[in-house]
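Student: with the input below, show me the fold.
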Amino acid sequence: MDETHISLAHGNGGHYMRELIEEVFARHLANPLLNVQVDAASLPAMDGVVMVTTDGFTVQPLEFPGGTIGSLAVHGTVNDLAVSGATPLYLTLNAFIEEGFDIARLERIIGSLADAAREANVAVVAGDTKVVRRGEGGGIYLATTGIGVRPKYLQLGMDRVQAGDAILVSGPVGDHGIAVLLAREQFGLSGELFSDAASVFPLAQALGQVSGLRFMRDPTRGGLATVMHEICRATGLGVRLNQPAVPVREQVAVVCEMLGYDPMFLACEGRLVAIVEASQAATALAQLQTLPQGRDAAIIGTVEAGCAQVVLETELGGQRILEELEDDPLPRIC
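Tutor: This is a model prediction of the structure:
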């Protein structure tokens with residue numbers, strides 16, 4: 001392509017659009033199942049329960065330590081499938097690009113998306129591109145659909161959660177939220193913290209071998225505390241978390257203390273939360289800790305009968321109720 005920036009002509013269906021699709025998207029995302037000349041992808045038959053998810057991505061900035069909006073779109077979609085017990089297989093991609101967007105930057109973003117897809121062993125099999133007028137978008141927005149297959153024997157859900165179950169998290173919480181915050185260069189802060197954005201499929205696959213696994217979720221918007229509130233609402237049970245057991249990096253804790261954020265509510269993009277039968281909690285933890293991504297995994301609490309609320313046992317020996325999130329502490333985080 002000779003052009004250096006996106007124009008409205010790149011979205012008009014003509015040869016500029018064809019060049020954009022073929023020379024940026026198709027070149028980076030090349031795989032045998034992606035055919036930009038047809039309107040629907042043909043996929044091999046699948047044995048198992050087909051799982052489908054969809055998501056949108058508006059993170060700002062578009063490039064941050066540890067990822068880009070492109071890699072985030074893959075990880076976010078793959079993770080939604082993984083924590084449902086499915087093996088992620090296919091993605092579709094919709095890109096909404098603002099007029100004037102730098103094509104070199106688009107190359108970097110789609111390149112990182114393609115790298116993340118290859119690492120996660122998923123294929124982008126279909127997509128669409130739209131160009132919006134200057135000032136009507138945030139540079140680029142991405143929307144995805146993910147398709148995976150869950151083994152028929154694996155049954156997960158909040159309806160399976162019981163009082164006495166253990167709560168595990170696969171690693172430190174809040175990394176993504178603080179990494180993106182620092183990348184925005186707000187408050188005069190800077191740091192070397194990287195987003196945790198990654199596929200959690202290896203972690204979910206390892207936990208899938210544990211007979212007492214009840215439920216998994218990736219704590220994205222609203223963080224760990226929001227997942228706990230979802231469990232309380234769905235089950236009528238309570239959750240008790242042990243604050244000293246919840247892994248939080250020192251850099252995250254320092255920034256949160258300075259700015260008044262609570263790491264329990266900050267987004268993660270490469271972590272999973274699991275609810276496991278208490279007798280299988282140690283086995284589940286060992287499974288996670290055998291993987292590099294899960295070496296800091298921890299058992300952080302229990303599900304309990306009684307009032308459907310989230311109680312945090314503090315480092316000082318007291319306890320406080322974690323109220324449900326109302327305001328968005330960090331908008332456009334994913």
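
Student: could you pull out the helices for this protein?
Tutor: For the chain, the helices defined by DSSP state H cover 15-20, 27-29, 69-82, 103-119, 175-183, 201-207, 223-235, 250-259, 281-289.

Student: who wins for proximity to Ile321 among these?
Tutor: Of all these, it is helix 223-235 that lies closest to Ile321, at 10.6 Å by Cβ to Cβ. No exception for glycine: its C-beta is placed from N, CA and C like everyone else's.

Student: buried sites along that closest one?
Tutor: 223-232, 235 (16 or more other Cβ atoms under 10 Å).

Student: swap in stretch 309-318?
Tutor: If you call a residue buried by 16+ other Cβ under 10 Å, then stretch 309-318 has these buried ones: 309-313.

Student: one more: stretch 203-215?
Tutor: So stretch 203-215, judged by 16+ other Cβ under 10 Å, has buried residues 203-204, 206-208, 210, 212-215.

Student: quick check: domain ranges of the protein?
Tutor: Following automatic domain parsing, one gets these domains for the chain: 8-150, 158-321.

Student: now do the closest residue to Gly148 other than its chain neighbours against Gly191, distance only.
Tutor: For Gly148, ignoring the flanking residues on the chain, the nearest one in space by Cβ to Cβ, 6 or more residues apart in numbering is Ala86 at 3.4 Å. Separation of Ala86 from Gly191 (Cβ to Cβ, to the nearest Å): 35 Å.

Student: and if you look at His75?
Tutor: Counting by Cβ to Cβ - His75 and Gly191 are separated by 21 Å.

Student: residue nearest the centroid of the chain?
Tutor: Gly76 (3.3 Å; Cα atoms, centre = their mean).

Student: per-residue confidence at that one?
Tutor: For Gly76, the pLDDT comes out at 96.

Student: and what of Met1?
Tutor: 63.

Student: again with the one 4 residues further on
Tutor: At His5 the predicted local confidence, pLDDT, stands at 89.

Student: residues near it, how many?
Tutor: 14 (other Cβ atoms under 10 Å).

Student: who are the neighbours in contact with it?
Tutor: Residues in contact with His5, defined by Cβ atoms under 8 Å, 6 or more residues apart in numbering, are 100-103.

Student: sounds good, over and out.
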